[in-house]
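> how would this look folded up:
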Amino acid sequence: MGKCLTSCPANVTVVQDTRCVNCSDNCKTCNGLPSVCTSCNEGFKLDVTDSICKTVCPAGTSVETEDKCLPCDPNCRTCASTNASYCLTCQFGLNFYDTQKQCLVTCPNKTVALTRAGVKICEDCADGCLECQNRTNYCTKCDPLTHVFYKFTCVPGGCPTGYRRISDERNICVKEREDCKYGYEYNDFGECVLVAQVCEPGYVLNAKLNKCIPVPGFYIPFLFLALAAAWTIYLYLQYRKGKIKDRNQLII
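Numbering: from 1, shown residues only. Prediction:
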C-alpha cells in the first residue's frame with residue numbers, strides 16, 4: 001500500500017507526477033527518470049553513454065573499468081577494451097595510423113596517406129625516408145645524417161658506383177663526371193632544372209631557355225646613332241677646315 005511522504009527516498013526513486021517511482025531494475029541510483037542510472041547494483045556496470053546498467057560492456061565501443069563502461073576516443077569507431085585511445089577502426093573520413101593506433105585527420109611526418117580496401121590509412125615511409133609519396137618506398141627526401149637520395153629511394157651510407165654526392169650539404173646522388181649545362185642547376189631530386197636567369201639588355205633567352213641571344217633589331221638604333229654622330233663630326237671637321245683655309249687666304 002502506498003504511503004504519503006514529504007519527500008521521496010533519496011537516490012532510489014524519482015518524482016513523477018507527485019509520485020515516488022523506483023529506479024529501473026539493476027539501477028542502484030538514478031536521476032530525472034527511472035531509466036537514467038547514475039550507479040548500478042552489484043554485478044552490473046554503468047554504461048556512461050546511455051546511463052544503462054549492463055552485465056557486459058559493449059564490445060569494441062567502450063572501455064571496461066571496475067564499475068563503468070567508458071566510451072572510446074571520439075575519433076575511434078572501435079577501440080581496445082582496456083584503452084579508449086587505442087583505436088582499432090576509425091570514424092568516417094579519418095586516417096588509421098596502425099603504428100600508433102590513432103585516427104587522424106592528416107597523416108604525420110615520415111608517413112604517406114594511402115587507401116587499402118576502402119580504408120584510409122597512414123603508413124610509415126621506408127627506412128631513411130623523411131618524406132614519401134604514393135607509396136612507402138617512393139622517397140622525395142632522405143635523412144641527411146644516414147642516407148643519400150638516389151632515384152627516389154634512400155640509400156644508407158654513400159652513393160652507388162658511378163654516382164657521386166653533390167656536396168657535403170646536399171645528400172643527393174648524381175652521375176659522376178656530369179654537370180648541368182649553363183643556366184641549369186640540380187634540384188632536390190638530382191635533376192637539372194632551369195634556374196632564374198636574367199640576360200643583359202639587348203638579349204633574351206633562346207627557345208631552349210639555355211642561352212642569351214641578341215634581340216633582333218635591338219642594336220639598329222644604336223648603329224644609326226653612331227653613324228649619325230660620325231657624320232656630324234665629319235661635317236664639323238670639314239667646316240673647320242674650310243674656315244681655316246679662308247682665313248689663310250685673307251692673310252695673304
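> The closest residue to Pro160 other than its chain neighbours and Cys173: what is the separation?
Spatial nearest neighbour of Pro160, excluding adjacent residues (CB to CB, 6 or more residues apart in numbering): Tyr150 at 6.3 Å. The C-beta positions use only the backbone N, C-alpha and C, and glycine is treated the same way. Tyr150 sits 4 Å away from Cys173, taking CB to CB, to the nearest Å as the criterion.
> Show me whatever sits in contact with both of these two.
By the contact definition CB atoms under 8 Å, 6 or more residues apart in numbering, Tyr150 and Cys173 are jointly contacted by 159-160, 163, 190.
> Give me the buried subset of these.
When these are checked for burial by 16 or more other CB atoms under 10 Å, the buried set is 159, 163, 190.
> ok, the first one - contacts?
Cys159 is in contact with 148, 150, 165, 173, counting by CB under 8 Å, 6+ apart.
> Same check on the last one?
Residues near Gly190 by CB under 8 Å, 6+ apart: 149-151, 166, 172-174.
> right, and the secondary structure at Ala229 would be what?
Three-state call for Ala229 (DSSP: H, G, I helix; E, B strand; the rest coil): helix.
> Next, count neighbours for it.
Ala229: 10 surrounding residues under other CB atoms under 10 Å.
> what residue ranges in this structure score low on pLDDT?
Applying pLDDT under 70 to the chain flags the ranges 1-2, 11-12, 16, 196-198, 209-210, 217-228, 236, 239-240, 242-252.
> ok, back up a step: which pair in the contacts of Gly190 spans the largest distance?
Largest separation among the contacts of Gly190 by CB to CB: Lys151 and Ile166, giving 14.1 Å.
> the more surrounded of these two?
Ile166 (17 against 11).
> Would you enumerate the residues in contact with the more buried one?
By CB under 8 Å, 6+ apart, the contact set of Ile166 is 172-174, 186, 190.
> what do you get for Pro156?
By CB under 8 Å, 6+ apart, Pro156 lies in contact with 127-128, 146-147.
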